[in-house]
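1. quick one: sequence plus predicted model below, questions after.
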Amino acid sequence: MKKIKSAPDLYFDYRDVKTLQRYVDTYGRIEPIAKTGLSAKQQRQLAVAVKRARHLALLPFVANN
């Protein structure tokens with residue numbers, strides 16, 4: 001995964017599943033901050049967006065292996 005430079009206008013929307021899937025590994029876990037290259041605030045926003053998408057069944061909780 002390509003690290004993203006810390007962009008202050010970066011916003012994660014729970015409805016944008018395509019973007020959220022970039023930050024979720026094959027097992028369904030959210031990638032760590034060292035791998036994503038996001039700031040701490042952006043990583044928290046990402047986690048909230050992924051959890052909301054999972055709750056609404058837009059993203060799976062676990063992989064389909």
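-> Noted; the coordinates are in hand. The shown structure was predicted, so the numbers you read here are calculated from the model rather than taken from an experiment.

2. need the pLDDT of Pro8.
-> The model reports Pro8 with a pLDDT of 70.

3. kindly apply the preceding question to Ser39 instead.
-> In this model, Ser39 carries a pLDDT of 93.

4. again, but for Leu20
-> Leu20 is given a pLDDT of 95.

5. that one contacts Tyr14, doesn't it?
-> Yes - counting by CB atoms under 8 Å, Leu20 sits close enough to Tyr14 to count as a contact (7.4 Å). For glycine as for every other residue, the C-beta is placed from the backbone atoms N, C-alpha and C.

6. out of these two, which sits in the busier spot?
-> Leu20 (21 against 17; other CB atoms under 10 Å).

7. is the more buried one in a helix, a strand, or coil?
-> helix (DSSP: H, G, I helix; E, B strand; the rest coil).

8. and for Leu20 and Tyr14, which residues touch both?
-> 49-50, 53 (CB atoms under 8 Å, 6 or more residues apart in numbering).

9. in helices, which of those residues fall?
-> 49-50, 53 (DSSP state H).

10. turn the shared contacts of Leu20 and Tyr14 into TSV, including pLDDT, neighbour count and distance to Asp25.
-> Shown next, in TSV, are the shared contacts of Leu20 and Tyr14 (pLDDT from 0 to 100; neighbours: other CB atoms under 10 Å; distance: CB to CB, whole Å):
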residue	pLDDT	neighbour count	distance to Asp25
Ala49	97	23	16
Val50	97	23	11
Ala53	97	21	15
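
11. just give me the closest of the residues you listed to Ala63.
-> Val50 (14.0 Å; CB to CB).

12. so the closest one sits against Tyr23, correct?
-> Yes - the criterion here is CB under 8 Å, and Val50 meets it with Tyr23 at 7.1 Å.

13. quick check: neighbours shared by those two?
-> Ile30.

14. how long is stretch 26-44 end to end?
-> 20 Å (CA to CA, to the nearest Å).
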